[in-house]
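Peer 1: what follows is a predicted structure for the sequence shown.
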Amino acid sequence: MTATLLFIQALNGLQFGLILFLIAAGLTLVFGVMDFINLAHGVQYMVGAYLAAAFTAWTGNFGLALLLALPTALAFGLLLEVLVFRHLYDRDHLDQVLATFGVIVFLNQAVKFVWGAAPLNVPVPEILSGSVEITDGLLYPVYRLAIIAAGLAVALLLYVLVSRTRVGMLVRAGATNPEMVSALGVNIQRLFMVVFGFGAMLAGFAGAMVAPILSVEPGMGDNILILAFVVIVIGGIGSIRGAFLAAILIGLVDTVGRSFAPNILRFFLDPATASQTGRAIAPMLIYIFMAAILFFRPSGLFPAKR
Amino acid sequence: MTELIHAHPSSFAPSPSRIERVPLVLFAILALAPLLAPLTGAEGYVLSLLSRVMIFGLAAMSLDLILGYGALVSFGHAAFLGIGGYAVGILASHGSEDALIQIPLALAASALFATVTGTISLRTKGVYFIMITLAFGQMLFFLATSLAAYGGDDGMTLASRSLMAGTSILKNDRVFYGLVLFCLLGTYLLSRGIVASRFGRVLRGTRENAVRMEAIGFHPFRYQLLAYVISGMMAGLAGFLLANQAEFISPSYMTWQRSGELIFMVVLGGIGSLHGAIIGAAVFLLLEEFLPEILHFAASALGSDLQSRLVENWKMIFGPLLILIVLFARGGITGLLGRGRHG
Amino acid sequence: MADALLELRNLRKSYGALVVTDDVSLSVPTGEVHAIIGPNGAGKTTLIHQISGLVPSVSGQVLFDGQDVTRLPMHERVRRGLARSFQITSVLPGFSALENVSLAVQARSGSSYRLFGNAARERQLNEPAMECLNLVGLGARAQIQAGLLSHGEKRQLELAIALATEPKLLLLDEPLAGTGHDESRRVLDVLQRLRSHTTILLIEHDMEAVFSLADRISVLVYGRLIATDTPERIRANPEVRSAYLGEEEMA
């Protein structure tokens, strides 16, 4: 029983980790290449979810909605880049944090303005709505498996893009040594826009994918943003590989920790205290995990910059 | 206004009277406010609003001490507000309602948290420091939400304000206002002293060039840690006051958005001037308080439907306003008043 | 070599496959002015970084005043009397010249954990600082904000700061870098005056200055020391001449 539960939780953790990776990938690239802290990356995830909800309501088809949401999320990201972020690249981190904080305040309210404060529900697409039997009697929703598949596919795609294409090479070089890239005569402004738009689209994709399993509501991007930051800091800023590994780790630690911390503590404490402390400690686990990693490796697991 | 900008001192030792003028006016206003408050016809409201302003001013100023003078962008400073607040709530729920017990424990808890998290955070630099302080703040936030015995997500309402040496004089809004003002002035003077002291000079030097400081024999880490602890204790004191002002404590005291707001107050007022942080807090809170009303007034021509939607969604104006301030008002309000950072 | 103030034993440093400091051994006796010269990219600055502790060494030892300091961080080495200046001017721009120096005095004189009292008005810090400023010829500019000083003055200020730590050994990383003719004369005068106060190890591109100043000269080429000798013999050394030929005119 515990083994199957562990397996289910591990699957959930993997799914959560992959969603985190989709968000963190764009964040770490933007961070690494442009040295730009974008707190508004979380609201791009939220916007992706809202777009999926709106397009699903409009077309009645989640797949079609996803196809429409992606370019819209991209366009939206580029719009923000031109309007706000572009003016912040040469500012210090503090200004970037604050201005993008302003973007969050605006967008969290703006989605309320457009769609209302009540959470929206997106139905799980019919083809993916069933469950599969993992072991005797234990069902797992197909849609969650689909998220895992999609997440892995995007991770693979991203890996190929970054390691095999010219733009990917520039992005990697940019994350290691931005001065060199601009010295090579590359149009940095355009590279920035490409990276930015792509990151926004990935976050939007993540938001759209979770729309059917989470409630779509204002502020939904705020806490996941912090987790994405934890991921890229653990992974090493600018490192896709690090982000992937850290995202999966965080996903597993959080999900598995939440369901098992009370059980594990039961070995040391009486049941009542164990379940209470367990519940208290579980949400803190990833932060303790992060602190521990940074204590030994102050620049994360795979620092891109030398 | 232009006159003030042109008056930017080009001499290297501005006359003391010039330096003191802004904070002097600031504290004079705060001291006189309770006398004038009855004239507004809403004394309770004015006192409570100004108390909040001063409490957040204290918290923002404590942040300015490390941010402005130590270049340490702590993105988890609201955690200390929470520690101070929960010290009140938890102790009160166990029967210790006296401020003379609560304050020392709030300060000790803040110091302990700052020492532990600072020791780890200060090993990292730049962006990593911002992120790790953020993470520690989140850690405490989630701890608070899971403290079922102390209200969990919903927080806890205080039965009354803290006692002061066994008496309940703090129930009187004027007395409480006086206590807040006293704390603010005290920590302000303390901070000024620290900034000018030997210790403060090392901190300021580290802000400008940490390698140079090492090259003359300083180990910046220890000084930054001590500054971080002092700053955390001051913010913890602000948390104690905030819990008493609101007579309510909840995890919302320490959301990361709250930490962001504290940074914003410091930047808005002008980094590295201490009193600037207080001004920044005042402008921020008053804007938050009155922007809906201003919008209501400004949009009166637009028809009542649009007007009410606009007022309801005032944050859609507030957000862009924050962005514009960052983009165009460098140096903050104290910068506009004729002084940048001193150091 | 028992009386060597600074001794380097088989010091190495590499970045990946690139060896920047290759088995460098050197000893500098007390009172000497020792110059390290070499073509661009020879690894001179890295060597200074290794000696001062800014950059860790892969292997080998740094002995200072009879003690192994190889593993000590920079600030500990400074406390033992090993001061340095930087090639790229590195002063605290927002502080006055006097405060820059008195901070260095403060570093070696007692507590810096005092939270009260105005440090800028402490005579026991300002007076020794003023002496250092006078020694480098900046006395009249003490109250000027360091960021506003001319480039040459900043170089002088660097020297004053290093002096204020009361070093037994001064490590100078191109003290004349970027100075104009008049400025470099002034800095050179200062250095001449300093030689009676302290031992100096410097790297410098200005050959005229090096040969007029140094008691002994070491030549570093691609991370290796190829010669250490008096200025006259270095000038005559064929290996040195070939390493330098076409690189720079040996004065």
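Peer 2: Arrived safely. For clarity, every value in this text was computed on a predicted model and none was experimentally measured.

Peer 1: B:Thr115 contacts B:Leu225, correct?
Peer 2: Yes - under the criterion of CB atoms under 8 Å, B:Thr115 makes contact with B:Leu225 at 7.2 Å. C-beta here means a position set from N, CA and C on the backbone, and glycine is covered the same way.

Peer 1: for A:Val132, helix, strand, or coil?
Peer 2: Following DSSP: H, G, I helix; E, B strand; the rest coil, the label given to A:Val132 is strand.

Peer 1: ok, it touching A:Leu139?
Peer 2: Yes - under the criterion of CB under 8 Å, A:Val132 makes contact with A:Leu139 at 6.9 Å.

Peer 1: just checking, A:Leu245 touches A:Leu301?
Peer 2: Yes - here A:Leu245 lies in contact with A:Leu301, judged by CB under 8 Å, at a distance of 6.6 Å.

Peer 1: packing partners of the helix or strand containing A:Leu79?
Peer 2: For A:Leu79, the enclosing helix or strand under DSSP states H and E is helix A:62-83. Under the contact criterion of 3 or more CB pairs under 8 Å, 6 or more residues apart in numbering or on different chains; DSSP states H and E, helix A:62-83 touches helix A:41-59, helix A:188-210.

Peer 1: columns distance to chain B on top of those helices, output as JSON lines?
Peer 2: Formatted as JSON lines, the helices and strands packed on helix A:62-83 follow (distance: least, CB to the nearest CB, whole Å):
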{"stretch": "helix A:41-59", "distance to chain B": "10"}
{"stretch": "helix A:188-210", "distance to chain B": "16"}
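
Peer 1: so which of those is nearest chain C?
Peer 2: Smallest distance to chain C across the helices and strands packed on helix A:62-83 (CB to the nearest CB): 24.9 Å, for helix A:188-210.

Peer 1: can you give me the strands in chain B?
Peer 2: Applying DSSP state E to chain B gives strands spanning B:156-157, B:248-249.

Peer 1: same check on the stretch 1-150 of chain C?
Peer 2: Ranges of strands in the stretch 1-150 of chain C, per DSSP state E, counting those that start in this stretch, are C:4-15, C:18-29, C:33-37, C:59-64, C:67-68, C:82-84.

Peer 1: which one of these is the most hemmed in?
Peer 2: With neighbours taken as mean count of other CB atoms under 10 Å in any protein chain shown, the strands of the stretch 1-150 of chain C reach their highest mean count in strand C:82-84, at a mean of 27.

Peer 1: near chain A, which residues of the stretch 1-150 of chain B?
Peer 2: B:67, B:73, B:75, B:117, B:120, B:123-128, B:130-132, B:134-136, B:138-139, B:142-143, B:145-149 (CB under 8 Å from any CB of the partner chain).

Peer 1: buried among the residues you listed? Make that a PyMOL selection.
Peer 2: PyMOL command restricting those to the buried ones, with burial defined by 16 or more other CB atoms under 10 Å in any protein chain shown:
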select buried, chain B and resi 67+73+75+117+120+123+124+127+128+130+131+132+134+135+136+138+139+142+143+145+146+147
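
Peer 1: restricted to helices, list the residues of the stretch 1-150 of chain B next to chain A.
Peer 2: B:67, B:117, B:120, B:126-128, B:130-132, B:134-136, B:138-139, B:142-143, B:145 (DSSP state H).

Peer 1: about what we covered before: buried residues, the helix holding A:Leu79. List them.
Peer 2: Judged by neighbour count using 16+ other CB under 10 Å, the buried positions of helix A:62-83 are A:62, A:65-66, A:68-70, A:72-74, A:76-78, A:80-81.

Peer 1: identify the contacts common to A:Leu245 and A:Leu301.
Peer 2: Common neighbours of A:Leu245 and A:Leu301, using CB atoms under 8 Å, 6 or more residues apart in numbering or on different chains, are A:Gly235.

Peer 1: and the residue of chain B closest to chain C?
Peer 2: For chain B, CB to the nearest CB, closest residue to chain C: B:Gly217, 3.7 Å.

Peer 1: that residue touches C:Val105, doesn't it?
Peer 2: No - applying CB under 8 Å as the test, B:Gly217 and C:Val105 come out as separate, 10.4 Å apart.

Peer 1: what segments of the stretch 151-300 of chain A are helices?
Peer 2: A:166-176, A:178-183, A:188-210, A:220-235, A:240-265, A:271-281, A:285-296 (DSSP state H, counting those that start in this stretch).

Peer 1: ok, which of these comes nearest chain C?
Peer 2: Judging these by CB to the nearest CB, what sits closest to chain C is helix A:166-176, at 13.3 Å.

Peer 1: would you mark the buried spots in that closest one?
Peer 2: Using 16+ other CB under 10 Å as the test for burial, helix A:166-176 gives A:Gly168, A:Leu170, A:Val171, A:Arg172, A:Ala173, A:Gly174, A:Ala175, A:Thr176.

Peer 1: which pLDDT value goes with residue 68?
Peer 2: Reading this off chain A. Looking at A:Leu68, its pLDDT is 95.

Peer 1: sorry, I should have been clearer: chain B.
Peer 2: So B:Gly68 comes in at 92 (pLDDT).

Peer 1: now the residue lying closest to it once chain neighbours are set aside: how far from B:Gly200?
Peer 2: Leaving aside its chain neighbours, B:Gly68 sits nearest to B:Gly272 (3.1 Å; criterion: CB to CB, 6 or more residues apart in numbering or on different chains). Separation of B:Gly272 from B:Gly200 (CB to CB, to the nearest Å): 11 Å.

Peer 1: any common contacting residues for these two?
Peer 2: Joint contacts of B:Gly272 and B:Gly200 (CB under 8 Å, 6+ apart) are B:Tyr69.
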